[in-house]
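> fold the following.
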Amino acid sequence: TLAAPVSGDLPQYVTLSRTGDRMPLVGLGTWESAPGEVGGAVAAALDAGCTHIDCAAAYRNEKEIGGALKASGIPRKSLFLTSKLWNDRRRPQDVRDALDTTLSRLGTDYLDLYLVHWPVVWAKNSVMKPDGGASLRECWQTLEALVDEGKVRNIGVSNMKQSELEELFSYARIRPSVNQIELHPRLPQSALVEYCQQRQVALTAYSPLGRGDVKKAGLLASPTVTAIAQAHKVSTASVLLRWNLERNVVVIPKSVNPTRIASNVREPWSFALTAEERTALAALE
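Presented below is the predicted three-dimensional model:
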């Protein structure tokens, strides 16, 4: 496995607040990576020097990811594995069972980071049916116990806004290390990013390349992004990834194309955005 190149002006990791663990700034997203493809994507990412793999039970592909991790032969301590707890697993035993299932599928005995996927409470095996006997507070306390037991190194959240984080802070014994949210130039969420970073909550950007039809209205086809990419002789994806990296935000672009994966891992470190380019990207909000 080759080490990904690093530019001199940016770190390669964010340091997580409680443990001091180093979370690589670039990871591989696995959302919507189909069975039969996700294993190859993981192998390509590892070959390109990416050791951070972002998973979730809801993606229904953790077993194939685990097989690819095992086949790589890379020592577990050299990997950073994230997974997420789905919305209908909020009662203590359900939280524990969900984690054990994820660990088994990924072929590991601990996670580097475990996130509450969405700040909602659904009844087990339901979609959007509330569970009045469960709570995010009890769920979080169970995650804290799993940290104490060594099954999880760091715990965090996903899709939480400031008011929801404030409520969590009011009772958390172990504060969240990470908030994973949608972040790209069309949705910069600057106030929330600043709020989290001031409180030592790292940010991970999902959908860092934006959303929408790539050929029509997507950020990857934006004339602004295209012009910046041409100026630096890089891909439009690299421009969008670099934009988040310069905010000290972790990015987890999803791809199953080995060439694009390698580019996503390596190319964003090869250049820096100018002040004028950052201003132009800010106008896309």
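> low pLDDT regions in the chain?
1-8, 212-216 (pLDDT under 70).
> show me where it has strands.
According to DSSP state E, the chain carries its strands in the segments 13-15, 22-24, 28-29, 52-54, 80-85, 111-116, 152-158, 178-182, 202-206, 250-251.
> distance to Gly66 and mean neighbour count added to those, as CSV?
C-betas here are computed from N, CA, C, even on glycine. Listed next are the strands of the chain as CSV, based on distance: least, C-beta to C-beta, whole Å; neighbours: other C-beta atoms under 10 Å:
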stretch, distance to Gly66, mean neighbour count
strand 13-15, 24, 16
strand 22-24, 19, 19
strand 28-29, 14, 27
strand 52-54, 10, 26
strand 80-85, 10, 26
strand 111-116, 12, 25
strand 152-158, 17, 23
strand 178-182, 21, 22
strand 202-206, 21, 24
strand 250-251, 22, 28
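> can I get the ones you listed in CSV with distance to Leu143?
Output for these, formatted as CSV (distance: least, C-beta to C-beta, whole Å):
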stretch, distance to Leu143
strand 13-15, 20
strand 22-24, 17
strand 28-29, 22
strand 52-54, 18
strand 80-85, 8
strand 111-116, 6
strand 152-158, 5
strand 178-182, 13
strand 202-206, 17
strand 250-251, 20
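> just give me the neighbour total for the closest residue to Lys124 other than its chain neighbours.
Spatially, and ignoring its direct neighbours in sequence, Lys124 is nearest to Asp88 (5.1 Å; C-beta to C-beta, 6 or more residues apart in numbering). Around Asp88 there are 21 other residues, counting by other C-beta atoms under 10 Å.
> show me the contacts for the closest residue in space to Ala280 that isn't next to it in sequence.
Counting by C-beta to C-beta, 6+ apart, Thr224 is the residue found nearest to Ala280 once chain neighbours are left out, at 5.2 Å. Residues in contact with Thr224 (C-beta atoms under 8 Å, 6 or more residues apart in numbering) are 280-281, 283-284.
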